[in-house]
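> sequence-free structure coming up:
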Ligand code: GLN
Ligand code: ZN
């Protein structure tokens with residue numbers, strides 16, 4: 001028998017039960033007891049699913065009410081002192097206060113979990129941070145699991161990852177100094193788990209995949225020396241990238257086993273097998289926990305079989321990382337085209353792949369011949385499918401590549417053409433694209449989806465929304481208008497629905513943070529455009545006003561980043577296909593008389609690879625994709641782009657290289673950090689630093705906006721400055737938006753006067 005395990009199961013529920021329960025609880029419609037019941041039922045169901053798939057060990061503690069990092073904070077009694085909670089054992093209400101904020105205290109900061117679309121709550125540290133055993137949820141879940149008759153494998157975030165992913169305010173303080181205070185609590189947790197009869201604990205240290213400073217690396221050995229006594233056997237889990245460079249250190253670590261990711265970094269398996277310590281187990285993550293494709297089982301076996309020959313029962317098989325990042329069950333998809341559905345595997349299907357691999361190792365290939373055969377056929381189908389091999393498209397792209405960059409003339413030339421065309425005042429005002437998604441819009445969309453209203457009726461509703469949005473913008477006095485994006489449920493799905501090469505699932509939800517889930521489209525084949533996607537709406541909106549109406553598109557990198565992407569060709573190639581499709585749309589918009597076209601790239605920054613050595617290559621093709629999308633227009637057509645919610649300063653050169661005529665960029669929310677970067681690396685084209693934090697219900701007044709604009713003018717000449725909010729307004733209500741935008745227009749007038 002070969003031991004199998006899982007590193008974590010999606011907690012949200014196949015029908016987003018947790019989301020519904022959480023939101024019901026927050027709205028006061030569900031009691032705490034009812035919420036607890038939902039959580040318990042989900043855990044039980046997920047354990048049962050994993051048990052039935054035949055896994056040896058099943059993760060416990062991967063469930064979280066909001067976020068697994070926040071659960072660690074609660075377990076370690078490490079709630080930020082600013083909340084003033086006096087007992088380390090938080091109540092559920094206090095736990096949610098950390099995640100969502102209170103009247104007096106802002107929520108803990110949310111940030112992306114490595115290069116995934118999951119967001120965790122960033123621990124806050126200071127020199128006087130204290131740790132002590134907090135909530136007892138993990139221990140209770142272990143008891144629950146034991147009484148369900150399974151072998152629980154509790155999952156903890158390791159102490160070094162926990163500290164490293166946190167933040168401190170005081171620049172003179174190093175959070176690594178907290179380690180001696182933190183370790184005793186980890187020891188206490190581990191000894192309690194041991195007392196509960198636990199054999200193995202999975203301790204995640206994914207920071208090993210990053211460019212970790214030497215002092216942090218040096219802390220691993222002493223840390224695990226301290227944790228390994230009076231504790232269950234520790235499986236130290238790494239994922240998301242190779243940790244081969246740390247192999248000598250990891251092999252020496254006093255832990256009972258290591259987990260490595262053989263999907264993102266198959267080549268590291270060999271490095272670990274070479275003189276792997278006799279007393280340690282090695283868990284090989286052979287099934288992709290980050291993507292939705294059925295596995296190439298032959299490829300997985302080419303890695304696992306030699307490992308099994310060397311390690312025998314010391315080999316464990318699992319997914320590359322937690323399955324948190326994939327949807328739960330493909331069986332709920334009833335509308336996918338059968339050919340592409342047959343290429344997919346969600347969490348439940350991935351569990352059976354793990355079992356098949358283990359069985360194959362233990363009993364030989366003949367024991368699972370049929371499954372292997374089917375998997376081989378799937379791979380063959382993908383290779384041979386006309387969907388993945390559109391020759392005409394591939395030739396077009398090959399020919400295009402040789403033409404190089406965007407081919408637009410210098411910005412100064414474009415700028416003068418655009419200035420004489422649009423004759424905008426100084427400090428032109430605009431918004432980012434979406435307007436409030438009103439109840440009427442949502443109802444029309446739902447009615448149309450469920451066949452309650454006709455296509456014409458739906459279009460009529462959307463047209464009415466657009467008319468209302470245009471009228472409101474004219475009344476407010478904005479200079480450059482948008483149509484409001486009422487017809488878009490989501491800025492990526494909208495294009496995925498219309499482009500070839502995409503499928504949209506019904507239930508393929510993945511947790512983004514807390515109760516928020518996303519449903520990434522799946523790019524299963526070559527991407528191309530067969531018809532205009534936005535032109536009719538933009539034309540209609542432009543016909544309603546004499547002011548410029550911005551066309552509104554999502555950029556190639558963002559579409560790629562927020563989709564599940566093919567694994568049978570480089571991401572850069574898929575990006576190029578999307579770029580060409582967007583380019584065609586841009587040209588059609590121009591031909592339809594749209595003079596300004598915005599190509600949103602909010603996800604440019606988050607596509608950055610985990611290790612710096614790989615940044616340059618990514619930024620090169622990502623920037624190229626944008627330039628291809630934007631580069632087909634005349635000088636007097638103005639290309640805008642928009643970015644938000646990340647730390648941009650590290651990639652300012654790439655942002656400049658996009659060479660958009662205008663960039664609107666989030667600044668208010670991140671407290672003007674952007675200007676520090678612009679000081680050192682000035683943006684040469686026009687720029688609209690956001691002056692209205694749209695993530696807060698707070699309405700900024702005129703003076704406040706003027707103050708921000710003054711700051712902007714100190715680093716950017718007035719004739720290159722735009723005035724706009726941080727991001728789209730779809731999550732806000734019209735009432736507040738009208739006041740805020742009126743203030744914004746007023747602030748621009750004051751700037752023009754002064
Ligand atoms: N145009 C989009 C909107 O306004 C941009 C959204 C985003 O940046 N995430 O909604
Ligand atoms: Zn935005």
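Cool, the structure landed. Owing to the predicted nature of the structure, the values given are computational and were not obtained by experimental measurement. Ligands and ions are numbered 1, 2, ... in the order given.

> ok, for the most centrally placed residue in the chain, nearest residue in space, not its chain neighbours?
Of all residues in the chain, the one closest to the mean position by C-alpha atoms, centre = their mean is residue 117, 1.4 Å from it. Closest residue to residue 117 apart from its sequence neighbours, by C-beta to C-beta, 6 or more residues apart in numbering: residue 512 at 5.8 Å. Every residue, glycine included, has its C-beta placed from N, CA and C.

> the one you found: neighbour count?
17 (other C-beta atoms under 10 Å).

> chain center to the helix or strand harbouring it: distance?
Per DSSP states H and E: residue 512 is located in strand 510-513. Between the centre of strand 510-513 and the centre of its host chain there is 8 Å, according to C-alpha atoms, centre = their mean, to the nearest Å.

> for that strand, name the packing helices and strands.
strand 119-121, strand 516-518 (3 or more C-beta pairs under 8 Å, 6 or more residues apart in numbering; DSSP states H and E).

> I figured residue 296 hits residue 382, correct?
No. Residue 296 lies out of contact with residue 382 (C-beta atoms under 8 Å); the separation is 9.2 Å.

> what about the two, which has more around it?
When neighbours are counted by other C-beta under 10 Å, residue 296 and residue 382 differ, and residue 382 comes out ahead with 23 against 17.

> so what's the closest residue to ligand 1 within the stretch 351-500 of the chain up against?
Residue of the stretch 351-500 of the chain nearest ligand 1, by C-beta to the nearest ligand atom: residue 433 (2.6 Å). Contacts for residue 433 were tallied using C-beta atoms under 8 Å, 6 or more residues apart in numbering; they are 482, 484, 485, 550, 552, 598, 600, 642, 728.

> ok but the fifth one is inside a helix, no?
No. Secondary structure of residue 552, determined by DSSP: H, G, I helix; E, B strand; the rest coil: strand, with no helix assignment.

> tell me what it is bridged to.
According to DSSP bridges, the residues that bridge with residue 552 are residue 598.

> just give me the neighbour total for it.
Per other C-beta under 10 Å, the neighbour tally for residue 552 reads 28.

> around ligand 2, pick out the residues from the stretch 651-754 of the chain.
Contact residues, the stretch 651-754 of the chain versus ligand 2 (C-beta under 5 Å from the ion): residue 727.

> related to what we said a few turns ago, and the contacts of the strand holding residue 512?
With C-beta under 8 Å, 6+ apart, strand 510-513 has contacts from 10-12, 66-67, 110, 117-120, 324-327, 517-520.

> what about it and ligand 1, any contact?
No. Residues of strand 510-513 contacting ligand 1 under C-beta under 6 Å from any ligand atom: none, with a closest distance of 12.3 Å.

> which neighbours does that strand have in its sheet, and in what orientation?
Strand pairing for strand 510-513, using DSSP bridges, gives strand 516-518 (antiparallel).

> and after the strand it pairs with, which helix or strand comes next?
Note on strand 516-518: by DSSP H and E, the next helix or strand toward the C-terminus is strand 522-528.

> for that following strand, name the packing helices and strands.
Helices and strands touching strand 522-528, by 3+ C-beta pairs under 8 Å, 6+ apart, are helix 338-341, helix 391-401, strand 500-503, helix 571-591.

> adding distance to ligand 1 and mean pLDDT, write the ones you listed out as a markdown table.
Below are those laid out as a markdown table (distance: least, C-beta to the nearest ligand atom, whole Å; pLDDT from 0 to 100):
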| stretch | distance to ligand 1 | mean pLDDT |
| --- | --- | --- |
| helix 338-341 | 27 | 90 |
| helix 391-401 | 26 | 88 |
| strand 500-503 | 19 | 97 |
| helix 571-591 | 14 | 98 |
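
> most neighbours per residue, which of those?
Mean neighbour count (mean count of other C-beta atoms under 10 Å) peaks for helix 571-591 among these, with a mean of 22.

> now do the strands in the stretch 251-400 of the chain.
Taking DSSP state E, counting those that start in this stretch as the criterion, the stretch 251-400 of the chain contains strands spanning 257-261, 281-287, 315-319.

> without its sequence neighbours, what residue ends up closest to the residue in the chain positioned nearest to ligand 1?
Evaluated by C-beta to the nearest ligand atom, the chain has residue 728 as its residue closest to ligand 1, separated by 2.0 Å. Excluding its sequence neighbours, the residue lying closest to residue 728 (C-beta to C-beta, 6+ apart) is residue 434, at 3.6 Å.

> check what pLDDT that neighbour gets.
As predicted, residue 434 sits at a pLDDT of 98.

> who's in contact with it?
Going by C-beta under 8 Å, 6+ apart, residue 434 touches 482, 484, 485, 488, 491, 728, 729, 730.

> who wins on neighbours among the residues you listed?
residue 484 (29 neighbours).

> low-confidence ranges in the chain?
Across the chain, residues meeting the criterion (pLDDT under 70) sit at 402-406.

> enumerate the residues of it near ligand 2.
Residues of the chain lying near ligand 2 by C-beta under 5 Å from the ion: 602, 644, 727.

> could you check how many residues crowd around the second one?
Residue 644 has 24 neighbours, counted by other C-beta under 10 Å.

> does it really touch residue 602, like I thought?
Yes. Contact criterion C-beta under 8 Å: residue 644 and residue 602 qualify, at 5.0 Å.

> what do those two both touch?
In terms of C-beta under 8 Å, 6+ apart, residue 644 and residue 602 are both contacted by the residues residue 727.

> dump the helices and strands packed on strand 522-528 to TSV, plus distance to residue 200.
What follows is these, written out as TSV (distance: least, C-beta to C-beta, whole Å):
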stretch	distance to residue 200
helix 338-341	36
helix 391-401	48
strand 500-503	38
helix 571-591	35
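
> quick revisit: could I get the strands of the stretch 251-400 of the chain as CSV with distance to ligand 1 and mean neighbour count?
CSV is the format used below for those (distance: least, C-beta to the nearest ligand atom, whole Å; neighbours: other C-beta atoms under 10 Å):
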stretch, distance to ligand 1, mean neighbour count
strand 257-261, 29, 25
strand 281-287, 31, 25
strand 315-319, 30, 28
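
> any chance you could map the helices in the stretch 301-450 of the chain?
Shown for the stretch 301-450 of the chain, the helices assigned by DSSP state H, counting those that start in this stretch span residues 338-341, 347-363, 369-384, 391-401, 411-422, 439-449.

> from those, which stretch is densest packed?
helix 347-363 comes out most buried of these by mean count of other C-beta under 10 Å, with a mean of 22.

> which elements pack onto that helix?
Helix 347-363 is packed against strand 3-4, helix 32-52, strand 281-287, helix 297-311, strand 315-319, helix 369-384, with contacts defined by 3+ C-beta pairs under 8 Å, 6+ apart.

> what's across from the residue nearest to residue 728 in the sheet?
residue 484.

> quick one, phi/psi of the spatially closest residue to residue 124 that is not a sequence neighbour?
Nearest residue to residue 124, sequence neighbours excluded (C-beta to C-beta, 6+ apart): residue 80, at 4.2 Å. Dihedral pair for residue 80: phi -60, psi 140, per degrees, to the nearest 10.

> ok, residue 80 - contacts?
Shown in contact with residue 80 (C-beta under 8 Å, 6+ apart): 98, 108, 124.

> kindly report the same for residue 481.
Residue 481 sits next to 430, 470, 473, 474, 541, 545, 547, 548, 549, 550 when contact means C-beta under 8 Å, 6+ apart.

> and for residue 752?
Going by C-beta under 8 Å, 6+ apart, residue 752 touches 425, 426, 427.

> can you tell me which of those residues lies closest to ligand 2?
residue 427 (20.4 Å; C-beta to the ion).

> no further queries at this time; thank you.
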